[in-house]
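*Asks:* Need the 3D shape of this:
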Amino acid sequence: AIAVLEVFAWLDLFFGILGAIIIWANYGTQKIANTDYYYSSSRTIEVANPLWIGIGVAVLFQGVFLCAFFLVVASMAENLKAIRKNTQIM
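*Replies:* Residues are numbered from 1 along each chain as shown. As a prediction, this is how the structure comes out:
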């Protein structure tokens with residue numbers, strides 16, 4: 001169970017980073033109508049979308065912090081296993 005928890009921790013980190021990159025690439029900008037026709041011939045411009053940038057940051061932090069949490073729990077489980085092994089009465 002300890003090895004499964006460690007694998008799950010690293011997968012959570014990988015997919016958290018991947019999810020954040022996908023969110024930023026697909027939803028990080030939005031097109032809005034350009035009202036300044038004098039300086040630009042384009043009718044739309046792309047601007048940063050703060051809502052989706054924030055969601056991407058949240059997904060990234062979730063991946064990093066849950067990875068750390070799961071690795072700490074796995075380390076605690078290994079230590080508990082070692083303590084039980086060392087304190088057995090023969």
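*Asks:* show me where the chain has helices.
*Replies:* 2-27, 50-86 (DSSP state H).
*Asks:* quick one, phi psi at residue 28?
*Replies:* phi -70, psi -20 (degrees, to the nearest 10).
*Asks:* circling back: would a markdown table of the helices of the chain with distance to residue 44 and mean pLDDT be doable?
*Replies:* Glycine gets a C-beta too; all of them are placed from N, C-alpha and C. Formatted as a markdown table, the helices of the chain follow (distance: least, C-beta to C-beta, whole Å; pLDDT from 0 to 100):
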| stretch | distance to residue 44 | mean pLDDT |
| --- | --- | --- |
| helix 2-27 | 16 | 96 |
| helix 50-86 | 18 | 95 |
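*Asks:* JSON lines please, covering those helices and showing distance to residue 34.
*Replies:* As requested, the helices of the chain are exported to JSON lines (distance: least, C-beta to C-beta, whole Å):
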{"stretch": "helix 2-27", "distance to residue 34": "20"}
{"stretch": "helix 50-86", "distance to residue 34": "19"}
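*Asks:* Mean neighbour count for those helices - can I get that in CSV?
*Replies:* Compiled in CSV, the helices of the chain are given as follows (neighbours: other C-beta atoms under 10 Å):
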stretch, mean neighbour count
helix 2-27, 15
helix 50-86, 14
